[in-house]
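1. quick one, structure for this:
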Amino acid sequence: MAAKDKQWFLTSPHMKGTGIRDLQKELKRKGYLQGPVDGEFGPDTHRAVFRAKHHLGYLRPDHRAGPKLYAFLTGSRKLTAQMKATQRLRRPKPRIKTRGYKKLKVAVGYLGTKENPPNSNRVLFSVWYGMIGAWCAMFCSFVGVKAGYKVYIKGKQWAYVPFMVMVARQGFIKYTITYRPVSGDDVAFDWNPPSVADHVGVYAEERDLKELAPFALAEAKAKFGSLGTGDFWTVEGNTGVGNDSNGGNTMIRKRNKRQVQAFMHPGG
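-> Next comes the predicted model:
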């Protein structure tokens, strides 16, 4: 390393030298530097220095680097008590797994479940509910009961999507309309508005699908493409490519807000 008072930062032209290269090696080894180790203090190193200082617990991280930062990175200089305390404060808090997340977890466990025989509406969810018929709502009811919600009742609530929307609009039994859906909420679709709701599925935040069903999500992206403006993911029963409302399969689908009649939040 260079003299102890040496400082590097972003300039034009860029600073260069072996000391910068040594620093970059440590930034790269620790995962802060995304660009090349080239001995040049460019924009990538500029950003990496800030990330490193923030992670190490600097109270006011900036983009300047020198032997002191290098020493912290190599471990030859120990973090101060204040830096360790700041580190703890900056650690991301573990995300609370909500009941909606649990409902989504149940739902993805049944991906690929199909009618048997095909085109019969006879499937695990309709048999469980006690009514052999169009079963997208029965799928939502099934996973809701499994997740511990009281608003879904086997054989009673729900098998008919328009009734779900009606109850949500009235706000009865802790089942309400929401404009900020989260994982586990129900989504009623109207393919030819304005008319009665045609179909329903379980809303799924992408970050939750990445945790719960990464391979199925990757397949859905390959099939339908990544999310665009207004798009979101769902897990749906009785759907299929080319037959949205009666496709006989349980799948991850990409939908758009233009198709939505109501987002519905189960609160009890």
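2. hey, let's count contacts and neighbours off CA atoms from now on
-> OK.
3. just the strands in the stretch 101-250 of the chain please.
-> With strands called from DSSP state E, counting those that start in this stretch, the stretch 101-250 of the chain shows them at 175-178, 186-189, 199-204, 231-239, 249-256.
4. show me the shaky parts of the stretch 151-268 of the chain.
-> Within the stretch 151-268 of the chain, the stretches with pLDDT under 70 are 268.
5. thinking again about what came up before, for the strands of the stretch 101-250 of the chain, which one ends up most surrounded?
-> strand 199-204 (a mean of 30; mean count of other CA atoms under 10 Å).
6. thinking again about what came up before, how about the strands of the stretch 101-250 of the chain, which one is nearest residue 87?
-> Counting by CA to CA, residue 87 lies closest to strand 199-204 out of the strands of the stretch 101-250 of the chain; the figure is 32.0 Å.
7. so what touches that closest one?
-> With contact meaning CA atoms under 8 Å, 6 or more residues apart in numbering, strand 199-204 is reached by 104, 107, 136-137, 140, 161, 181-190, 232-237, 244-245.
8. list of residues touching the biggest helix by length in the chain?
-> Longest helix in the chain by number of residues (criterion: DSSP state H): helix 43-56. For helix 43-56, the surrounding residues in contact (CA under 8 Å, 6+ apart) are 9-10, 24, 27, 32-35, 60-65, 69, 79, 83-84, 87, 90.
9. I'd like the average pLDDT over stretch 12-30.
-> For stretch 12-30, mean pLDDT is 95.
10. list the contacts of that stretch.
-> Contacts for stretch 12-30 (CA under 8 Å, 6+ apart): 1-2, 8-9, 33-34, 37-42, 45, 48-49, 52, 70, 73-74.
11. now intersect those with the strands, please.
-> Among the contacts of stretch 12-30, DSSP state E puts none in strands.
12. restricted to buried residues, select those in PyMOL.
-> Command for PyMOL that selects the buried part of the contacts of stretch 12-30, burial taken from 16 or more other CA atoms under 10 Å:
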select buried, resi 8+9+33+37+38+39+40+41+42+45+48+49+52+70+73
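13. looking at the contacts of stretch 12-30, which are in helices?
-> Taking DSSP H as the definition of helices, those contribute 45, 48, 49, 52, 70, 73, 74.
14. what's the neighbour count on residue 118?
-> 12 (other CA atoms under 10 Å).
15. name the nearest residue to it, sequence neighbours excluded.
-> The shortest distance from residue 118 to any non-neighbouring residue, by CA to CA, 6 or more residues apart in numbering, is to residue 248 (7.1 Å).
16. who's in contact with that neighbour?
-> Residues in contact with residue 248 (CA under 8 Å, 6+ apart) are 114, 115, 118, 119, 121, 237, 238, 239, 240.
17. format those as a markdown table; extra columns: distance to residue 218.
-> Shown next, in a markdown table, are these (distance: CA to CA, whole Å):
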| residue | distance to residue 218 |
| --- | --- |
| 114 | 20 |
| 115 | 24 |
| 118 | 26 |
| 119 | 27 |
| 121 | 28 |
| 237 | 19 |
| 238 | 21 |
| 239 | 18 |
| 240 | 17 |
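18. quick one: which of the strands of the stretch 101-250 of the chain is nearest residue 225?
-> Among those, strand 249-256 comes nearest to residue 225, with 8.1 Å by CA to CA.
19. which other helices and strands contact that closest one?
-> helix 214-224, strand 231-239 (3 or more CA pairs under 8 Å, 6 or more residues apart in numbering; DSSP states H and E).
20. switch those over to CSV; also include distance to residue 196.
-> Shown next, in CSV, are the helices and strands packed on strand 249-256 (distance: least, CA to CA, whole Å):
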stretch, distance to residue 196
helix 214-224, 26
strand 231-239, 18
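21. out of those, which comes closest to residue 208?
-> With CA to CA as the yardstick, what comes closest out of these is helix 214-224 (9.1 Å).
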